[in-house]
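Novice: make a model of this:
(chains A and B)
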Amino acid sequence: MQINPIIEKDLKTKMRGWKAPTLITFYLGFLGFLIWVFFIDNIYSAYNYFDPRLMTDVFKTIASFQFGLIVLITPVLTATAISGEKERQTLDLLLCTDYSTFKIVIGKIVVSIAHVLLLITASLPILSTVFLFGGIGIIDMLRLFAFYLVTALLIASLGMLFSTIFRRSPVSIIVTYIMVLGLLYGTLILHGLYLILYQNFTGQMPQAPLYWVLYTSPAFGFASVIGTDGGGIISVFLTGTAYGRVAAFGQISPWIINTAFSIVVSILIIIFCAWKIKPVK
Amino acid sequence: MVVVSNLVKKYGKLLAVNDLSLEIEKGQIYGFVGANGAGKTTTMRIISGLLRATSGKVLVNGIDISKNPRAVKKMIGYMPDFFGVYSDLKVSEYMNFYSGLYGIPPRNRKKIIDDLLELVNLSDKRDAYVDSLSRGMKQRLCLARSLIHDPDLLILDEPASGLDPRARVEMKEILKELKSMGRTIIISSHILHELSEICTAIGIIDNGKMVVSGPVEEIMAKLSHSRRIKVKVLKGGVEPLVKCLQEEPEIGRITTGNDYVEADFNGNGEKLAGILKNIVIKGVPVISFTETGENLESIFMHVTRGNSQDADKSNN
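Specialist: Alright, predicted model coming up:
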């Protein structure tokens, strides 16, 4: 079987030179520093003993940091995938071959996800320090990685979508960021506003809140993956809901529904992109 | 090999290609001639499967491009007029990438790439980064890329545009080599003199419409309304020569140079001999007296001038 030439080329050229190793080095250095700060802070605390429960916080912090990394990096990698080819005047040379546009789109998406996953995989040894103290199991870690992968796929697909629609990369990048942030946090804000307005007008909580809006948000799904109890910004928008389990979906965790949503939307977007860049439809 | 029938391409209200038809036989080198914006690139992009026609039909080896674009793309090597390169790839990697896209098995690639780089004289650059190549080298590399899957038909859109004289000569030599290999090629160029040296057939397109199409000799014979003579003279001989020629009823448009005069001639050999005799008798210091055939450039000017006048009239 032949490797997708787009994946082969992009992975080779992007890993060439000093940029990629430097980026990974700084990234791992930063994560290491973060964990070190946690340890130091804990050891020299007022109680003067090491609390193993600290590692759950370390895990959640690093996981959140990596989730933010996916949200920030993936759009830049894919939102230029097709528009960049247009700007470089290389798209025609791709499309005049008999290579299918579906494989071209898949290749571009895999390359962008691969870069994000490389950063995350490289951080595994650092993240594994949490196993030393218990509290976090291998299943938790695998679930987190699966969620990262699906979220990266969704964001990469969105970037690809706007990259095929707009001719210029800066426009495509900006629109992708707006869309991603809207999906992540706009949905939470929308849900919060709905609850507040409903309560203000009727004086009671809605019987059937807009849960489906929340399920489209990877941020909501992520919160349930790392098992947060609804603290922080997300809880503001979830007043009145039993966080983590919602009866409307038969006690299915939000991250599972969000993952299913992301996969379906990504597939639809990829099919559309492949159709859109096809010159003779 | 290629049959284009009643091709129409509209961009909104703009009619880029207007009911264009042409036929290209296997082994023909078809020169596509036309001014900027005449519709050459649009037509070539449609034939290459990069653009959908508004109406009309394109058949390559009997396969309709609109029905089976992937099958047609397998048979076509396309070189656009403007193209970019992946600057972070080496020449051999660049070729390897496109051979992958065309589905060439990895074990066969090295030989194909080596042969093609040799054909375009880039063997010594195989490990150089594409970005470090000169414009002419990039053009040749793009030509090699378009040949990587051994296509039946090559479509070259202005392959020599923007090249310096040396690079242009090198490109012409490669095209002659391809011609000797029996390739079928559609080529567009502004340099009509070069086209006439390479092409076996031409199509002149003006305002999206095919004005004339067919084998070069046939078109030359059909459209050459007059013969043209060139008379070289010694210093000071141009003025008396022009006077002599103006007296001859068979002589038409006259153009002059420092030491020569060119003129259109409508007549037979006897009349031509008579003119030469008169010039010599009147003491014009003639060095040479030759007949020059009408070239592609003058035919192009003649044909498109007629059309633009028609267009002007209809606009008025």
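Novice: helix or strand for the residue lying closest to residue A:177 once chain neighbours are set aside, which one?
Specialist: Nearest residue to residue A:177 in three dimensions, chain neighbours excluded: residue A:75, at 5.5 Å (C-beta to C-beta, 6 or more residues apart in numbering or on different chains). In short, each C-beta sits where N, CA and C put it, glycine included. Following DSSP states H and E, one finds residue A:75 within helix A:54-78.
Novice: and that helix, how far out from the chain middle?
Specialist: 8 Å (C-alpha atoms, centre = their mean, to the nearest Å).
Novice: show the subsequent helix or strand relative to it.
Specialist: helix A:81-88.
Novice: tell me which strands and helices the helix or strand following that following helix is in contact with?
Specialist: Later in the chain than helix A:81-88, the nearest helix or strand by DSSP H and E is helix A:91-95. Contacts defined by 3 or more C-beta pairs under 8 Å, 6 or more residues apart in numbering or on different chains; DSSP states H and E place helix A:91-95 against helix A:81-88.
Novice: I figured the residue nearest to residue A:177 hits residue A:155, correct?
Specialist: Yes. Look at residue A:75 against residue A:155 with C-beta atoms under 8 Å: they come within range, at 6.1 Å.
Novice: identify the contacts common to the two.
Specialist: Residues touching both residue A:75 and residue A:155 (C-beta atoms under 8 Å, 6 or more residues apart in numbering or on different chains): A:176, A:180.
Novice: near chain B, which residues of the stretch 151-281 of chain A? Just list them.
Specialist: A:279, A:280, A:281 (C-beta under 8 Å from any C-beta of the partner chain).
Novice: lowest pLDDT pick from these?
Specialist: Minimum pLDDT for these is recorded at residue A:281 (74).
Novice: got the contact list for that residue?
Specialist: Contacts of residue A:281 (C-beta under 8 Å, 6+ apart): A:275, B:52.
Novice: mind running it again at 10 Å?
Specialist: A:101, A:275, B:52, B:66, B:69 (C-beta atoms under 10 Å, 6 or more residues apart in numbering or on different chains).
Novice: neighbours of the closest residue in space to residue B:88 that isn't next to it in sequence, how many?
Specialist: Spatial nearest neighbour of residue B:88, chain neighbours left out: residue A:13 (4.3 Å); criterion: C-beta to C-beta, 6+ apart. When neighbours are counted by other C-beta atoms under 10 Å in any protein chain shown, residue A:13 registers 17.
Novice: now do the one 3 residues further on
Specialist: The local packing count at residue A:16 equals 12, with neighbours defined by other C-beta under 10 Å.
Novice: thought it was touching residue B:87?
Specialist: No. Between residue A:16 and residue B:87 there is no contact under C-beta atoms under 10 Å: 11.8 Å.
Novice: any regions of the stretch 151-281 of chain A where pLDDT drops low?
Specialist: A:208-209, A:228-251 (pLDDT under 70).
Novice: from residue B:102, how far off is the closest residue to residue B:105 other than its chain neighbours?
Specialist: Excluding the flanking residues, the one nearest residue B:105 by C-beta to C-beta, 6+ apart is residue A:2, at 7.4 Å. Going from residue A:2 to residue B:102 by C-beta to C-beta, to the nearest Å gives 11 Å.
Novice: kindly report the same for residue A:201.
Specialist: Residue A:201 is 64 Å from residue B:102, by C-beta to C-beta.
Novice: and what of residue A:167?
Specialist: From residue A:167 to residue B:102 the distance is 27 Å (C-beta to C-beta).
Novice: please identify which of those two sits among more neighbours.
Specialist: More crowded of residue A:167 and residue B:102, by other C-beta under 10 Å: residue B:102, with 20 against 12.
Novice: hang on, isn't the more buried one packed against residue A:94?
Specialist: No. Between residue B:102 and residue A:94 there is no contact under C-beta under 10 Å: 11.3 Å.
Novice: mind putting the residues of the stretch 151-281 of chain A next to chain B in JSON lines, secondary structure and distance to residue B:202 included?
Specialist: Formatted as JSON lines, those follow (DSSP: H, G, I helix; E, B strand; the rest coil; distance: C-beta to C-beta, whole Å):
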{"residue": "A:279", "secondary structure": "coil", "distance to residue B:202": "27"}
{"residue": "A:280", "secondary structure": "coil", "distance to residue B:202": "27"}
{"residue": "A:281", "secondary structure": "coil", "distance to residue B:202": "33"}
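Novice: quick one, strands of the stretch 201-316 of chain B?
Specialist: Per DSSP state E, counting those that start in this stretch, the stretch 201-316 of chain B carries strands over the ranges B:201-206, B:209-215, B:227-233, B:251-256, B:260-265, B:286-292.
Novice: now do the contacts for the residue of the stretch 151-300 of chain B found nearest chain A.
Specialist: Per C-beta to the nearest C-beta, residue B:155 is where the stretch 151-300 of chain B lies closest to chain A, at 8.8 Å. Residues counted as contacts of residue B:155 (C-beta under 10 Å, 6+ apart) are A:96, B:2, B:30, B:32, B:43-45, B:47-48, B:50, B:76-80, B:146, B:184-188.
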